[in-house]
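>>> below is the sequence, then the predicted model.
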Amino acid sequence: MDKKLQVFVSSTYRDLIDERQAAVQAILDAGHIPAGMELFKAAMTPSCRPFTNGSTNPMCTC
């Protein structure tokens, strides 16, 4: 059975437009599904809740 994979394309958006498009096209040509942050909408509530582990750097848990 062939599997379709969803492949996340991660990069800066504005300065790598041509490279991102080439990556997306290669993913489509291979029969898979491209995904990137531009496909996700912003939400008013955070998806994670921060906590501290005793240090000054908060961490995030989902």
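Perfect, thanks for sending it. Numbering: from 1, shown residues only.
>>> drop to CA atoms for contacts and neighbour counts, all remaining ones
Fine.
>>> helices of this protein, residue ranges please.
17-29 (DSSP state H).
>>> buried ones in stretch 16-27, by neighbour count?
Applying a neighbour-count criterion of 16 or more other CA atoms under 10 Å, one finds 20, 24, 27 buried in stretch 16-27.
>>> if I look at the last one, how far off is Ala43?
Okay, so that is Ile27. Distance from Ile27 to Ala43, counting by CA to CA, to the nearest Å: 28 Å.
>>> next: Ile33.
23 Å.
>>> between these two, point out the one with more neighbours.
Ile33 (15 against 7; other CA atoms under 10 Å).
>>> find me the pLDDT at that one, would you?
What the model reports as pLDDT for Ile33 is 93.
>>> how near is the residue nearest to it when sequence neighbours are not counted to Met44?
Spatially, and ignoring its direct neighbours in sequence, Ile33 is nearest to Gln6 (4.5 Å; CA to CA, 6 or more residues apart in numbering). Distance, Gln6 to Met44, by CA to CA: 26 Å.
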